[in-house]
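Trainee: 3D model of this:
(chains A, B, C and D)
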Protein chains: 2
Amino acid sequence: MSHHPEIRHDPDSPKRQAVIAAAGELFIAQGYGAVSMDAVARAAGVSKATLYAHFASKDRLFATIIKEACRQKVAAIDLLAEPCDDLAAALTALGQQMLRFLLDAKPLAIQRVVMAECVRFPELGRAFYENGPEVFRRTFGAWLAVQAGAGRLAVPDPVIAADQFLGMLRATGIFLRASLGLPPAPADADIDATVAAAVRTFLRAYAVE
Amino acid sequence: MSHHPEIRHDPDSPKRQAVIAAAGELFIAQGYGAVSMDAVARAAGVSKATLYAHFASKDRLFATIIKEACRQKVAAIDLLAEPCDDLAAALTALGQQMLRFLLDAKPLAIQRVVMAECVRFPELGRAFYENGPEVFRRTFGAWLAVQAGAGRLAVPDPVIAADQFLGMLRATGIFLRASLGLPPAPADADIDATVAAAVRTFLRAYAVE
DNA sequence: GTCTATAGAAGGATAGAC
DNA sequence: GTCTATCCTTCTATAGAC
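Mentor: Below is the predicted model:
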């Protein structure tokens, strides 16, 4: 025993952690093709041989790193656990937290990398979707169903309604612009206006008067 | 004269056209990093030297090709020129054509490549945004303003309303899934249902009763 | 303009010492 | 496990003949 052909390492090894941290920053910022294993080794302060002792190949290092990055949680989801007496206020708070998260540099960069490489690494598309957007729309949809049960909303299909609200947050003028890296960065006022408009449209369509 | 340091070529040269066609397919399908100049030359049936006689570098070839690909027009925009007596029908037709375009393999692939490379090639982000989404939201917003003027809609801000309708079309469950390459491919019924729901929510919020 | 052939650099991955 | 040093492949780009 103790002679596996696979790689087995202490996951808390400091060098390994350094590699993970360095590779995370580089891959998320620059993507797969633009980052060399030399660059990762240099940034992590280890040799390439050490790098390869922990990760069998560039592919596997990349996939491991990005899959882990996809597990980033949206703080907005916590708002859905709180009791709700004011629907408009709750949707506004949720929308603002959600949109600010989506516009943050790191989630934007992760989305770019995953979209770019999901053809060659289908597991990344799945990991991103299932850990992020899918979790949120389900949770949000369930919350909308509860509000409907309480007589505050009339939603034929809560998950569709959730998609619509989230879709309105990802507006072309603010979210797509940011996704494409176009200046200027969205101002707070723009974010608030987008959220307010989404809440208004959503409630006009779904609120029980 | 006739001795410019820059490259000047017959833009209709058959070899040049072959390079453009081959590079377009490869770059759009696989992205910048995954495509070598050897692969482009082979696919185009020319030598690398010929390739470099027409395009100074891989960067310039890539940027030229992708910028041109961003000029693809949305057929849906033509619908906005037709006279309109049934708002719901017009929005449904527009939405279906738009969403089917967005879900098509080539626009999805172009979007992936542009998002992936917009950090290193900011011009691509601009070209994509200004030729595609921005044109459409402006045109659609102007159309909504006309409908408002005709007393059919009450839209405080037509461009925001346009963004909202388009955002609801790009729903997580159908558009983001497709953007990430997740199976199964969207069925016609899913597309129609998404559009119908968007039209319904939009009119509930904005229609003059 | 177009080719063949190749220079020159960079990248992924590994051998062997410790 | 970690390093240094290196192998081999692939890549971008060009020289030189036609």
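Trainee: Can you get me a residue count around residue A:108?
Mentor: Residues lying near residue A:108 (other C-beta atoms under 10 Å in any protein chain shown) number 18. Using the backbone N, CA and C atoms, a C-beta is placed for each residue, glycine as well.
Trainee: so where is chain A shaky, pLDDT-wise?
Mentor: A:1-9 (pLDDT under 70).
Trainee: cutoff 50 now
Mentor: Counting by pLDDT under 50, chain A has low-confidence residues at A:1-7.
Trainee: Name the helix or strand for residue A:64, please.
Mentor: Using DSSP states H and E, residue A:64 maps to helix A:58-69.
Trainee: cool, residue A:186 as well?
Mentor: Applying DSSP H and E, one finds residue A:186 in no helix or strand.
Trainee: go on, residue A:138?
Mentor: Judged by DSSP H and E, residue A:138 forms part of helix A:133-149.
Trainee: That helix: how far from the chain's middle?
Mentor: In terms of C-alpha atoms, centre = their mean, to the nearest Å, the centre of helix A:133-149 is found 18 Å from the chain centre.
Trainee: wait, does that helix make contact with chain B?
Mentor: Yes: on the criterion C-beta under 8 Å from any C-beta of the partner chain, helix A:133-149 is in touch with chain B at A:133, A:134, A:137.
Trainee: what's the longest helix in chain A?
Mentor: helix A:188-206 (DSSP state H).
Trainee: Give me the contact list for that helix.
Mentor: Defining contact as C-beta atoms under 8 Å, 6 or more residues apart in numbering or on different chains, one finds that helix A:188-206 is touched by A:87-88, A:91-92, A:95-96, A:99-100, A:103, A:153-155, A:161, A:164-165, A:168-169, A:171, A:173-174, B:157, B:160-161, B:164, B:200-202, B:204-206.
Trainee: and the direction of that helix versus that of helix B:188-206, what angle?
Mentor: 100 degrees (axes from the mean of the first three to the mean of the last three C-alpha atoms, to 10 degrees).
Trainee: returning to what we had before: list the contacts of the helix holding residue A:138.
Mentor: A:74, A:76-77, A:80, A:84, A:87, A:94, A:98, A:153-155, A:158-159, A:161-163, A:165-166, B:172-173, B:176.
Trainee: Equivalent analysis for stretch A:94-107, please.
Mentor: For stretch A:94-107, using C-beta under 8 Å, 6+ apart, the contacting residues are A:28, A:72, A:74-76, A:79-80, A:108, A:136, A:140, A:165-166, A:169-170, A:174-175, A:178, A:186, A:191-192, A:194-195, A:198-199.
Trainee: residues of that stretch that come out buried?
Mentor: Using 16 or more other C-beta atoms under 10 Å in any protein chain shown as the burial criterion, the residues of stretch A:94-107 that qualify are A:94, A:95, A:96, A:97, A:98, A:99, A:100, A:101, A:102, A:103, A:107.
Trainee: now do stretch A:80-91
Mentor: A:80, A:84, A:87, A:90, A:91.
Trainee: What residue, apart from its backbone neighbours, is nearest the fourth one spatially?
Mentor: Of all residues beyond its chain neighbours, the one nearest residue A:90 is residue A:84 (4.6 Å), with distances taken as C-beta to C-beta, 6 or more residues apart in numbering or on different chains.
Trainee: returning to what we had before: for the buried residues of stretch A:80-91, which one is nearest residue A:34?
Mentor: The closest of those to residue A:34 turns out to be residue A:80 (C-beta to C-beta; 37.7 Å).
Trainee: what number of residues lie near the nearest residue to that closest one once chain neighbours are set aside?
Mentor: The shortest distance from residue A:80 to any residue other than its chain neighbours is 4.5 Å, reached at residue A:143 (C-beta to C-beta, 6+ apart). Neighbours of residue A:143 under the rule other C-beta under 10 Å: 19.
Trainee: how much space between residue A:143 and chain B?
Mentor: Distance, residue A:143 to chain B, using C-beta to the nearest C-beta, to the nearest Å: 15 Å.
Trainee: Distance check, that residue against DNA strand D.
Mentor: Between residue A:143 and DNA strand D the distance is 44 Å, computed by C-beta to the nearest atom of the strand, to the nearest Å.
Trainee: Then residue A:152?
Mentor: Distance of residue A:152 to DNA strand D, given as C-beta to the nearest atom of the strand: 56 Å.
Trainee: about what we covered before: between the buried residues of stretch A:94-107, which is nearest DNA strand C?
Mentor: residue A:107 (25.0 Å; C-beta to the nearest atom of the strand).
Trainee: next structured bit after the helix or strand hosting the closest one?
Mentor: In the assignment (DSSP H and E), residue A:107 maps to helix A:105-117. Next helix or strand after helix A:105-117 toward the C-terminus (DSSP H and E): helix A:122-131.
Trainee: List every C-alpha atom in that following helix, with coordinates, as CSV.
Mentor: The C-alpha trace of helix A:122-131 is given here as CSV (Å, rounded to 0.1, in the frame of the first residue of the first chain):
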residue,chain,number,x,y,z
PRO,A,122,-18.0,21.4,-20.5
GLU,A,123,-17.7,20.7,-16.8
LEU,A,124,-17.0,24.4,-16.2
GLY,A,125,-20.3,25.5,-17.8
ARG,A,126,-22.1,23.0,-15.6
ALA,A,127,-20.3,24.0,-12.4
PHE,A,128,-20.8,27.7,-13.0
TYR,A,129,-24.5,27.3,-13.9
GLU,A,130,-25.4,24.9,-11.1
ASN,A,131,-23.6,26.6,-8.3
